[in-house]
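Colleague: Sequence below, structure please.
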Amino acid sequence: MNAWTAAALVLLAIPAPACLWVAAQGTAVRRLVGASLLSSVVGALFLLLPPAYDRSSYQDLALMLAVLGPAGTLVFTRFVTGRHHDSRPHESTPGP
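Modeller: Next comes the predicted model:
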């Protein structure tokens, strides 16, 4: 085990379970914060794995997570609010 692997294990042992706990309990805002922070922790973990295993292709996972993480946060926010936005204008009551 080298220093890169040890750093990855530290990320898996301390912040990842804390983020999972916050994402699993509490209000919707706390769950959103936990999910966003977990995305950042996993992204950092994916950046530590390529030097640990000498495979540069693993960096692609970190780049994809960096792009898709904020999009996932927006989708989560959209579904939690429960409001549906319609592109059509609302029908008004018939006039005289």
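Colleague: and the gap between the most centrally placed residue in the chain and L11?
Modeller: Nearest residue to the geometric centre of the chain (CA atoms, centre = their mean): S39, 3.4 Å. Noted for S39: a distance of 13 Å to L11, by CB to CB, to the nearest Å. Quick note: C-beta positions are derived from backbone N, CA and C, even for glycine.
Colleague: which residues of this protein fall in helices?
Modeller: 3-13, 15-24, 28-53, 59-81 (DSSP state H).
Colleague: With mean pLDDT as new columns, can those be given to me in a markdown table?
Modeller: What follows is the helices of the chain, written out as a markdown table (pLDDT from 0 to 100):
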| stretch | mean pLDDT |
| --- | --- |
| helix 3-13 | 90 |
| helix 15-24 | 91 |
| helix 28-53 | 88 |
| helix 59-81 | 85 |
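Colleague: outside of stretch 64-75, which residues touch it?
Modeller: 32, 35-36, 39-40, 42-43, 46 (CB atoms under 8 Å, 6 or more residues apart in numbering).
Colleague: again, only this time at 10 Å
Modeller: Stretch 64-75 is contacted by residues 32-33, 35-36, 38-40, 42-47 when judged by CB atoms under 10 Å, 6 or more residues apart in numbering.
Colleague: Please identify the deepest-packed of the helices of the chain.
Modeller: helix 28-53 (a mean of 17; mean count of other CB atoms under 10 Å).
Colleague: okay, the angle between it and helix 59-81?
Modeller: 170 degrees (axes from the mean of the first three to the mean of the last three CA atoms, to 10 degrees).
Colleague: Begin at 58, not 1, for the rest of this chat.
Modeller: New numbering, starting at 58: the last item is helix 85-110.
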